[in-house]
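Engineer: Quick one, fold the following:
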Amino acid sequence: MTVRFAILGAGRIGQVHARAVASTEGASLVAIADPMAAAAQKVAANYGCDIRTIDAIAASDDVDAVAICTPTDTHATLIEQFARAGKAVFCEKPIDLDLERVKECLKTVSEENATLMVGFNRRFDPDFMALKKAIDDGKIGDVEMVTISSRDPGAPPAEYIKVSGGIFRDMTIHDFDVARWLLGEEIATVQAAASVLTDPEIGKLGDYDSVNVILTTESGKQCTITNSRRATYGYDQRIEVLGSKGSIAAENMREANIVLADANGFHQPPLLDFFMTRYIAAYANEIAGFVAAVSGKTATPTTGHDGMVALALADAALLSVAEQRVVNMSELMVSP
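Structural biologist: Numbers count the residues shown, from 1 in each chain. Predicted coordinates for the structure are as follows:
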């Protein structure tokens with residue numbers, strides 16, 4: 001079976017997914033939709049697909065699945081529209097910035113018995129996948145503690161920050177998902193600290209640029225997350241997991257994996273400095289996983305529930321910062 005795709009949104013992430021679909025065995029790109037004609041035309045020219053409206057795509061018999069890469073405030077409505085249209089749905093995170101709206105959307109998905117996968121690309125990074133496999137194979141025993149470092153070279157534009165939901169819902173949300181994935185248990189409590197250290201303008205927008213979070217499960221397993229919007233040395237993405245029999249770590253990716261030694265010491269190429277470059281393989285693996293699920297009519301690697309819980313953790317972190325206390329996830333009424 002070839003899964004016939006339409007992509008909604010021809011911006012940066014839409015173009016990344018267009019490339020992934022076009023290069024994935026068992027998938028083909030049929031159509032692109034975007035109100036910006038030039039952006040849609042660029043994708044159509046590169047991949048030989050049609051340009052259609054969103055409503056036309058929903059009514060198209062030659063489209064099996066859609067990838068939603070539009071602004072966040074359109075995600076939930078589009079998920080519902082395409083679930084009702086009988087299409088499999090891949091949607092970039094988050095489903096929505098409001099937890100109750102997410103629950104409402106997932107109710108529709110369930111009622112329509114629709115396929116929904118939420119785009120948490122870090123699970124599909126080759127190094128992170130190898131790390132998870134080693135854990136699942138028992139190489140380090142029972143997982144006890146996880147440490148996630150995620151630091152960006154710089155903050156996004158102010159206009160983006162205004163509509164992103166803030167650092168916890170936009171950036172840390174990926175780390176919340178990875179934490180649940182690696183811990184293998186649901187999070188019971190959240191404790192967060194947040195500051196504005198890199199740019200006062202971010203604070204004026206009501207957001208933070210430097211955060212730390214401690215997540216704890218019912219059994220006592222812990223995950224520490226550290227985020228910053230300023231890493232002068234590149235895109236810093238590292239994971240370390242401590243288990244009862246050992247530890248395992250995934251290090252940063254560089255422009256080349258080499259070390260030069262000379263009279264002045266040891267030297268390495270710089271880190272990759274753009275998330276789309278850093279995670280290009282992850283995006284391809286992500287779409288391949290979605291295609292496999294749709295073709296085989298099996299569960300998707302990530303789900304709407306994953307998207308809901310990650311958002312709930314972001315809300316809990318915000319509440320922890322606002323009230324300077326540990327927040328129990330039961331307060332947000334999210335069941336495992």
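Engineer: Compute the distance between Gly166 and Tyr160, please.
Structural biologist: 11 Å (CB to CB, to the nearest Å). From N, CA and C alone the C-beta is placed, and that goes for glycine too.
Engineer: Mind checking which of the two has more residues around it?
Structural biologist: The neighbour count for Gly166 versus Tyr160, taken as other CB atoms under 10 Å, is higher for Gly166 (21 against 11).
Engineer: what are the phi and psi angles of that one?
Structural biologist: Main-chain dihedrals, Gly166, degrees, to the nearest 10: phi 90, psi 170.
Engineer: Now do it against Ile202, distance only.
Structural biologist: For Gly166, the distance to Ile202 - CB to CB - is 9 Å.
Engineer: Find residues that contact each of the two.
Structural biologist: Common contacts of Gly166 and Ile202, defined by CB atoms under 8 Å, 6 or more residues apart in numbering, comprise Tyr208.
Engineer: would you list every one of the helices in this structure?
Structural biologist: 12-23, 37-47, 54-58, 75-84, 99-111, 126-136, 158-164, 167, 173-183, 200-204, 275-278, 280-296, 304-323 (DSSP state H).
Engineer: okay if I get the ones you listed as TSV plus mean pLDDT and distance to Ala31?
Structural biologist: Formatted as TSV, the helices of the chain follow (pLDDT from 0 to 100; distance: least, CB to CB, whole Å):
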stretch	mean pLDDT	distance to Ala31
helix 12-23	96	11
helix 37-47	97	8
helix 54-58	98	6
helix 75-84	98	13
helix 99-111	97	22
helix 126-136	98	30
helix 158-164	94	26
helix 167	98	34
helix 173-183	98	28
helix 200-204	97	37
helix 275-278	82	22
helix 280-296	96	16
helix 304-323	98	24
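Engineer: Please identify the most buried of these.
Structural biologist: helix 167 (a mean of 26; mean count of other CB atoms under 10 Å).
Engineer: Can you tell me what sits against it?
Structural biologist: Contacts of helix 167 (CB under 8 Å, 6+ apart): Ala194, Asp207, Tyr208, Asp209, Val211, Asn227, Arg229.
Engineer: Closest one of those residues to His174?
Structural biologist: Checking the contacts of helix 167 against His174 by CB to CB gives Asn227 as the nearest, at 9.6 Å.
Engineer: So what's the residue count around the closest one?
Structural biologist: 23.
Engineer: Which residue is most remote from the mean position of this structure?
Structural biologist: The C-alpha centroid of the chain is most remote from Ala263, which lies 42.6 Å away (CA atoms, centre = their mean).
Engineer: quick one: contacts for that one?
Structural biologist: Counting by CB under 8 Å, 6+ apart, Ala263 has no contacts.
Engineer: Quick check: it vs Pro269, distance?
Structural biologist: 19 Å.
Engineer: Same check on Glu92?
Structural biologist: In terms of CB to CB, Glu92 sits 30 Å off from Pro269.
Engineer: Look at those two and report which has more neighbours.
Structural biologist: Glu92 (23 against 13).
Engineer: how deep is the closest residue in space to that one that isn't next to it in sequence tucked in, by neighbour count?
Structural biologist: Leaving aside its sequence neighbours, Glu92 sits nearest to Gly119 (CB to CB, 6 or more residues apart in numbering; 4.4 Å). Counted with other CB under 10 Å, the neighbours of Gly119 add up to 23.
Engineer: what does Met145 give?
Structural biologist: By other CB under 10 Å, neighbour count at Met145 equals 15.
Engineer: Let me see the contact set for it.
Structural biologist: Neighbour list for Met145: Lys221, Gln222, Cys223, Thr224, Val241, Leu242 [criterion: CB under 8 Å, 6+ apart].
Engineer: What is the nearest of the residues you listed to Ala59?
Structural biologist: For those, the nearest to Ala59 is Cys223 (44.2 Å; CB to CB).
Engineer: Settle this for me: Val309 is touching Arg180, isn't it.
Structural biologist: Yes - between Val309 and Arg180 there is a contact under CB atoms under 8 Å: 6.6 Å.
Engineer: what's the overlap in contacts for the two?
Structural biologist: Contacts common to Val309 and Arg180, judged by CB under 8 Å, 6+ apart, are Glu186, Ile187.
Engineer: So the protein: which segments form each domain?
Structural biologist: According to automatic domain parsing, the chain comprises the domains 3-114, 123-282+309-332.
Engineer: so who does Gly304 touch?
Structural biologist: Gly304 neighbours (CB under 8 Å, 6+ apart): Ile95, Val102, Cys105, Leu106, Val109, Leu116, Val118.
Engineer: is it true that the first one touches Ile79?
Structural biologist: Yes - in terms of CB under 8 Å, Ile95 counts as a neighbour of Ile79; the distance is 6.7 Å.
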